[in-house]
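Trainee: Sequence unavailable; structure follows:
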């Protein structure tokens with residue numbers, strides 16, 4: 001398993017911005033540390049998924065010293081960092097990158113006829129196969145919205 005550091009950057013208005021030194025495209029934000037943990041894991045998972053789709057190799061993970069040096073360089077890029085609460089320190093948290101194995105696996109699922117017909121109809125409207133639609137639906141599911 002590969003682990004990457006997320007940097008939780010304190011925001012002046014409260015909460016945190018989230019950045020990954022090794023993935024400039026993986027950014028998010030959260031209202032509190034609990035929210036940030038979920039958002040950071042999601043941002044990393046989505047980024048790793050995109051790397052897998054593009055068949056890009058993941059970058060080597062930074063160690064803590066490198067992540068801290070990245071944050072110092074980012075802070076120094078602006079004379080007056082906008083939106084950053086300088087009174088609170090940035091926090092560094094390791095996150096496990098999900099596996100990138102894209103090997104198809106055949107499964108068997110049981111659905112009612114009406115649910116299957118609805119899935120097939122939606123797949124056709126989106127130009128997807130049944131398998132592609134079910135995979136997209138599973139990837140798009142957000143447990144935070146289901147509460």
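Mentor: On my side now, so go ahead. Being a predicted model, the structure only gives us computed values, none of them experimental. Residues are numbered from 1 along each chain as shown.
Trainee: ok, the most centrally placed residue in the chain - contacts?
Mentor: Centroid check for the chain by CA atoms, centre = their mean gives residue 43 as the closest residue, at 1.5 Å. Shown in contact with residue 43 (CB atoms under 8 Å, 6 or more residues apart in numbering): 6, 18, 20, 26-28. All C-beta spots, glycine's among them, are computed from the backbone N, C-alpha and C.
Trainee: State whether it is indeed within a helix.
Mentor: Yes: Residue 43: assigned to a helix according to DSSP: H, G, I helix; E, B strand; the rest coil.
Trainee: about what we covered before: want to try JSON lines for the contacts of residue 43, with neighbour count as columns?
Mentor: JSON lines is the format used below for the contacts of residue 43 (neighbours: other CB atoms under 10 Å):
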{"residue": "6", "neighbour count": "28"}
{"residue": "18", "neighbour count": "25"}
{"residue": "20", "neighbour count": "25"}
{"residue": "26", "neighbour count": "22"}
{"residue": "27", "neighbour count": "16"}
{"residue": "28", "neighbour count": "21"}
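Trainee: Inside strands: which ones of those residues?
Mentor: 6, 18, 20, 26-28 (DSSP state E).
Trainee: Quick check: the residue nearest to the centre of the chain vs residue 64, distance?
Mentor: 19 Å (CB to CB, to the nearest Å).
Trainee: Then residue 113?
Mentor: On the measure of CB to CB, residue 113 and residue 64 end up 54 Å apart.
Trainee: Need the pLDDT of the residue nearest to the centre of the chain.
Mentor: Predicted confidence (pLDDT) at residue 43: the value is 96.
Trainee: Please apply the same query to residue 102.
Mentor: 69.
Trainee: what about the residue nearest to residue 14 when sequence neighbours are not counted, how many neighbours?
Mentor: Setting aside the residues directly before and after it, residue 14 is nearest to residue 31 in space (CB to CB, 6 or more residues apart in numbering), at 7.0 Å. Applying other CB atoms under 10 Å, we find 12 residues neighbouring residue 31.
Trainee: same question, residue 65
Mentor: Neighbours of residue 65 (other CB under 10 Å): 8.
Trainee: isn't there a helix covering it?
Mentor: Yes: assessed by three-state DSSP, residue 65 belongs to a helix.
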